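1. Fold the following, please.
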Amino acid sequence: MLFSCISMSAWSISTTPVEKVRLQLKWTHQFQFAGYYAAKEQGYYADAGLEVEFIERSLEKSPVTEVAMGKAEYGISSSGLLLDRVRGTRIKALAAIFQHNPISFMLKNHPVLLSPMKLRVSG
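-> Below is the predicted model of the structure:
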């Protein structure tokens, strides 16, 4: 009976190789990346055969540079990624995720002010 229990557990071990990947964050470890941390803790990456390492950003280097240099397989960046691509950096965007910023602008209703960026110029 003991033999069959050991054998059954040996058969259930996955032989799929685990792929190690590094994800370069665009900032320091913080709540902004909670979804990534939760997915790792809940085993979603492991279920997909991935062992994911999160790399905190260094202020001296951009996430795009780190990925382009091969120090990470994936990275999180901003719309500035488009400029890097135009400048010849060999990168590809996998997804575009739009986030809303809690900062808002308010201005007094005034005939000279059209928006926070524009003034009405007469004449």
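2. my guess is K20 is in a strand, correct?
-> Yes - judged by DSSP: H, G, I helix; E, B strand; the rest coil, K20 forms part of a strand.
3. Quick one: neighbours of the spatially closest residue to it that is not a sequence neighbour, just the number.
-> Setting aside the residues directly before and after it, K20 is nearest to E51 in space (C-beta to C-beta, 6 or more residues apart in numbering), at 4.7 Å. Placement of C-beta: from N, CA and C, glycine included. Burial of E51 is recorded as 12 neighbouring residues (other C-beta atoms under 10 Å).
4. Share the number of residues neighbouring the closest residue to A93 other than its chain neighbours, please.
-> Nearest non-adjacent residue to A93, counting by C-beta to C-beta, 6+ apart: L81, 6.3 Å away. For L81, the count of nearby residues is 21 (other C-beta under 10 Å).
5. Would you agree L81 is in contact with I91?
-> Yes - with contact defined as C-beta atoms under 8 Å, L81 and I91 form a contacting pair (6.9 Å).
6. hey, what's in contact with both of those two?
-> V64 (C-beta atoms under 8 Å, 6 or more residues apart in numbering).
7. hmm, back to that, doesn't the residue nearest to K20 lie inside a strand?
-> Yes - counting by three-state DSSP, E51 is found in a strand.
8. Sweet, I'm off.
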